[in-house]
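Undergrad: fold the stuff below for me.
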Amino acid sequence: MSAAVIVAIVVASITTVVWGVVAWADAQPPDRLECLVDEWHVDRSDPQCIRINGLLRMQNFSTKSEVTASHFEPHLRLLSDGSLDGIRTRIKHEDPNNPRDDNYWLAAVMMPQDSVPVKIGIELTGEGLDQLKSGWLRIDFIQYGKKLRQLKSEHIIFALKEPVPVQESDWRERKGFLRLPIRTPLLTKQDDLKAIVEQYVQPWAQPGDYLALAETALAIVQGNFRHPSAVQPQLLARTLCQFFPKKTSLQGPYSLQSLIDSSNGWRVTFALIVGALGKAIGQGGWFYALAGYQAPLIDDVTGSLPPYDQFIVLGPLDPQNTVDRLRAETGIETAIVDANDLREVKILAATQGINREFLAEALLDNPAGNADEQTPIVLIRPKQV
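TA: Predicted coordinates for the structure are as follows:
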């Protein structure tokens, strides 16, 4: 065997080993540093000052690798019915194990499955506090580990204003039904649905009533929404989104990638091909029937009430279990619905005591509205003859 052949074999062997090592390293699980909310309290008892206090947790979900939280910075955006010019904001955050007065974040190294607590306090003072509606706190943090250094964000949305109380005159009549749209504070993933129903619905409810909860509201309480910055559209999503009509929720790569993440790329591609064939023979709706549960439910950016208009809101998780649990906890027959101003009503889940045909007819004109009414719940009652 010649020297050239031996050299070629050695080079080929080394190259194979190197590429194998590279492929093995690339296949290792990604770093998983997340910011979680353990406690969140908004105190509006003082008309001169709103105080928000939270306990967060930086959690390393990796089972093998350590990771460093090398940066932590909160950014607050207030939403108001008036001007923000007279409002002063003070934000304080600290690691209770390494407290500092200057808001500087000391890089925190976390072993696998380890966590670091973070206390955060916000004070709002000045003129115009009574006009505030909600707050949107974006926590930027840097994940520094085995993989590439990555800037990540956690979004905490919270209500700053109570809704206008529901009045007896708010009942609306339609073909033998009485419907009462229930105003609530801006719902967030810190809310508990049972507490919301007990506070805002049960004072008006009677035996035989139905409670219809908007599917988007449930998804928000479950935290099933994503900021586009957390979505990385792959080539498949960037390509397939070109085939969706304008002004539909899947016409953008970020929302379509969210669907692919929920279903899978093969299923979405197959559904798109079959859907196109169905349209060619005059049969619509095949894509949404085949692409997975989330396909008809995803709301792209601008599809929800601010500040959720900046997020991709997916459909709710396990709606049947949710309505059964609410029925057991509150005694009210409950349904999760997707209604719109086009006289389309889709019932995602309902307890056994609900007549679905009755419910759909009662919601046909969408009494909750799809704009800024902030009435995610409708109480429905047969009209007394």
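
Undergrad: mind listing what's buried in stretch 291-311?
TA: Within stretch 291-311, the residues scored as buried using 16 or more other CB atoms under 10 Å are 291-292, 294-301, 303-305, 307-308, 310-311. C-beta here means a position set from N, CA and C on the backbone, and glycine is covered the same way.

Undergrad: quote the end-to-end distance of it.
TA: 21 Å (CA to CA, to the nearest Å).

Undergrad: equivalent analysis for stretch 82-93, please.
TA: 28 Å.

Undergrad: that one: how far from the chain's middle?
TA: 26 Å (CA atoms, centre = their mean, to the nearest Å).

Undergrad: what about it, average pLDDT?
TA: Mean pLDDT, stretch 82-93: 95.

Undergrad: just the buried positions in it, please.
TA: Buried residues in stretch 82-93, counted by 16+ other CB under 10 Å: 84, 87, 91, 93.

Undergrad: between those, which sits nearest residue 111?
TA: residue 93 (22.6 Å; CB to CB).

Undergrad: who does the helix or strand where that closest one lies touch, helix- and strand-wise?
TA: Assigned by DSSP states H and E, residue 93 belongs to strand 87-94. Where contact means 3 or more CB pairs under 8 Å, 6 or more residues apart in numbering; DSSP states H and E, strand 87-94 is packed against strand 67-80, strand 115-126.

Undergrad: go through those strands and name the closest to residue 177.
TA: strand 67-80 (33.8 Å).

Undergrad: buried ones in that closest one?
TA: Here strand 67-80 shows 67-70, 72, 74, 78-80 as buried, counting by 16+ other CB under 10 Å.

Undergrad: what ranges do the strands span in the stretch 151-300 of the chain?
TA: 172-174, 177-182, 210-214, 225-226 (DSSP state E, counting those that start in this stretch).

Undergrad: name every strand pairing with the last one and say which way it goes.
TA: Note on strand 225-226: by DSSP bridges, its sheet partners are strand 312-313 (antiparallel).

Undergrad: tell me the mean pLDDT for the partner strand?
TA: Averaging pLDDT residue by residue across strand 312-313 gives 95.

Undergrad: how far away is the closest residue to residue 131 other than its chain neighbours from residue 127?
TA: Leaving out its chain neighbours, the residue that sits closest to residue 131 by CB to CB, 6 or more residues apart in numbering is residue 82, at 3.6 Å. Distance of residue 82 to residue 127, given as CB to CB, to the nearest Å: 9 Å.

Undergrad: to residue 268, which of the helices and strands packed on strand 87-94 lies closest?
TA: Of these, nearest to residue 268 by CB to CB is strand 67-80, at 31.8 Å.

Undergrad: what packs against that closest one?
TA: Using 3+ CB pairs under 8 Å, 6+ apart, strand 67-80 sits against strand 49-60, strand 87-94, strand 108-110, strand 115-126, strand 132-144.

Undergrad: rebuild those strands as CSV, extending it with distance to residue 368.
TA: Below are the helices and strands packed on strand 67-80 laid out as CSV (distance: least, CB to CB, whole Å):
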stretch, distance to residue 368
strand 49-60, 28
strand 87-94, 31
strand 108-110, 44
strand 115-126, 30
strand 132-144, 18
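
Undergrad: compare those strands and give me the one nearest residue 224.
TA: strand 132-144 (17.3 Å).

Undergrad: that's a helix at the residue nearest to residue 131, yeah?
TA: No: assigned with DSSP: H, G, I helix; E, B strand; the rest coil, residue 82 falls outside any helix and is coil.

Undergrad: relative to residue 102, which of the buried residues of strand 67-80 is nearest.
TA: Among the buried residues of strand 67-80, and counting by CB to CB, the member closest to residue 102 is residue 72, at 13.2 Å.

Undergrad: doesn't residue 58 make contact with that closest one?
TA: Yes: using CB atoms under 8 Å, residue 72 is in contact with residue 58, at 7.5 Å.

Undergrad: what is in contact with the two at once?
TA: 118, 141 (CB atoms under 8 Å, 6 or more residues apart in numbering).

Undergrad: how about low-confidence regions in the chain?
TA: 1, 5, 7-12, 21-29, 370-372, 384-385 (pLDDT under 70).

Undergrad: can you pull up the most central residue in it?
TA: By CA atoms, centre = their mean, the chain has its centre lying nearest to residue 225, at 2.1 Å.

Undergrad: pull the contacting residues for that residue.
TA: Neighbour list for residue 225: 219, 308, 311-314 [criterion: CB under 8 Å, 6+ apart].

Undergrad: in a markdown table, list the residues you listed along with distance to residue 241.
TA: A markdown table is the format used below for the contacts of residue 225 (distance: CB to CB, whole Å):
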| residue | distance to residue 241 |
| --- | --- |
| 219 | 21 |
| 308 | 21 |
| 311 | 18 |
| 312 | 13 |
| 313 | 18 |
| 314 | 16 |
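
Undergrad: now compare those and name the two farthest from each other.
TA: 308 and 314 (11.6 Å).

Undergrad: same question for stretch 243-250: list its buried residues.
TA: 244, 249-250.

Undergrad: ugh, wrong one, stretch 269-276
TA: For stretch 269-276, by 16+ other CB under 10 Å, it's 271-272, 274-275.

Undergrad: got it, and stretch 153-164?
TA: So stretch 153-164, judged by 16+ other CB under 10 Å, has buried residues 154-161.
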